[in-house]
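>>> have a look; sequence and predicted model below, questions after that.
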Amino acid sequence: MTVCEYRPGLEGVPATQSSISYVDGQTGILEYRGIRIEDLAQHSTFVETAYLLIWGGLPSRSELDAFEHEIRYHRRLKYRIRDMMKCFPESGHPMDALQACAAALGLFYSRRALDNPVYIQKAVVRLLAKIPTMVAAFQMMRKGNDPVQPRDDLDYAANFLYMLNEREPDPLAARIFDICLTLHAEHTINASTFSAMVTASTLTDPYAVVASAVGTLAGPLHGGANEEVIDMLQQIGSVENVRPFVDRCIAEKSKIMGFGHRVYKVKDPRATILQGLAEQLFEKFGQDEYYAIALEMEQAVSERLGHKGIYPNVDFYSGLVYRKLGIPTDLFTPVFAIARVAGWLAHWKEQLGENRIFRPTQIYTGPRQQSYVGIEDRPQIWDKQFTASATYP
């Protein structure tokens, strides 16, 4: 076996062969099953896009109607899952709550009939249907309120916005949120998708697969970045402070949240669409105080770092859209998860088709041929490696 070059983060190392999505980072192209993201954002819906990603092609009218019907029918949660959520601390992050709830679904639907198409179809429907309900339910419960029950007469996006506050959303707001879900549904082998694939390769159940992906998405270098963009804009405070802030970040070599991407060396096509969606919302519902700061940020960063291929990514404008839709900041990443479930399930299904458990190798850098030293003869290194504390709860 040939020892390959070590690349931190597996950058540029193919981990699989996939027909689900395609990215050209040099020209800013994203396609789902060969269809440009711009076309899907304009003409499709999230549920139709999820069908495309998971089953491999656009559905007929009867197929789409049946898929939508099944999702609407399975939106409600088992009462024991709701009872479990009532025990979560109110201060807990919604992504932690979502990960726990996604894993808990496996307790109720744990039969791992991974060679049974009916089992796979039911798992896909349950996860697409129940994840939004979980996010909205935790949002209500942590404020001391009962969760809002789903409405079967509302579509996927409108129903989620309704469950957040028990108010039927404006049609434009619902449509824009639906497009946001489509934009976030899939993006090749990112960190959370890779996590899902590794978990899937062990042939565990799909609920564990999604739970592992949710945990990975929660990190600030992945899905959590959209929350940190809003924190950054609030910290900057005004347009006049933008360029000094950018200059300081460059001088200190600190990350500017919402900019740069491992793949894209131009502006993320999803960021372009999201910026347009934000402007539609601002035109109808009023400006966001941070939008001018964001525009100046994009200009300043492009001038200083554009030559390095650092431009806005999908996280930069998504938070401004969600703010205007009335979504709390710490729900931004759970909303990302609601959308990305479609991509995770598509890769889960693809992984099952030609499965081989992931087992990469490593380059060992530690010592060898060491002798065991008795505890009486060891040097004192306690204070260097571990500090005792009496403050554990």
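Okay, I see it.

>>> switch to C-alpha atoms for all contacts and neighbour counts from now on
OK.

>>> what stretches of the protein score poorly on pLDDT?
1-4, 381-393 (pLDDT under 70).

>>> domains of it?
With domains defined by automatic domain parsing, the chain comprises 22-218+329-353, 225-324.

>>> just send the ones you listed back as JSON lines, with mean neighbour count and distance to V373 too.
As requested, the domains of the chain are arranged in JSON lines below (neighbours: other Cα atoms under 10 Å; distance: least, Cα to Cα, whole Å):
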{"stretch": "domain 22-218+329-353", "mean neighbour count": "19", "distance to V373": "38"}
{"stretch": "domain 225-324", "mean neighbour count": "18", "distance to V373": "43"}
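
>>> I'd like to know which elements the strand or helix carrying R340 is packed against.
Assessed by DSSP states H and E, R340 sits inside helix 332-353. Applying 3 or more Cα pairs under 8 Å, 6 or more residues apart in numbering; DSSP states H and E, one finds that helix 332-353 makes contact with helix 46-55, helix 94-108, helix 117-141, helix 171-183, helix 191-200, helix 206-217, helix 225-236.

>>> am I right that V23 sits in a strand?
Yes. V23 sits within a strand when classified using DSSP: H, G, I helix; E, B strand; the rest coil.

>>> wait, it touches E31, no?
Yes. Here V23 lies in contact with E31, judged by Cα atoms under 8 Å, at a distance of 6.6 Å.

>>> dump the domains of the chain to a markdown table, plus distance to Y372.
A markdown table is the format used below for the domains of the chain (distance: least, Cα to Cα, whole Å):
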| stretch | distance to Y372 |
| --- | --- |
| domain 22-218+329-353 | 35 |
| domain 225-324 | 43 |
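
>>> just so I know, which of these lies nearest G12?
domain 225-324 (9.2 Å; Cα to Cα).

>>> what is the end-to-end distance of that closest one?
End-to-end distance for domain 225-324, by Cα to Cα, to the nearest Å: 18 Å.

>>> what's the answer for stretch 312-330, then?
Chord length of stretch 312-330, first to last residue, is 21 Å (Cα to Cα).

>>> what's the answer for stretch 72-83, then?
With Cα to Cα, one end of stretch 72-83 sits 22 Å from the other.

>>> for it, which outside residues touch it?
The contact list for stretch 72-83, computed with Cα atoms under 8 Å, 6 or more residues apart in numbering, reads 101, 104, 125-126, 129-130, 133-134, 137, 149-150, 152, 156.

>>> identify the farthest-apart pair in these.
Using Cα to Cα, the pair of those lying farthest apart is A104 and D152, separated by 24.0 Å.

>>> tell me who's in contact with the nearest residue to L305 once chain neighbours are set aside.
Once flanking residues are discounted, L305 sits nearest to Y311: 7.8 Å by Cα to Cα, 6 or more residues apart in numbering. Listed by Cα under 8 Å, 6+ apart, the contact set of Y311 reads 259-261, 265-268, 298, 301-302, 305.

>>> of the residues you listed, closest to T27?
V266 (6.7 Å).

>>> any idea how far that closest one is from G28?
Distance from V266 to G28, by Cα to Cα: 6 Å.

>>> repeat that for D153.
37 Å.

>>> and if you look at S371?
On the measure of Cα to Cα, S371 and G28 end up 55 Å apart.

>>> then E376?
Applying Cα to Cα to E376 and G28 gives a distance of 62 Å.
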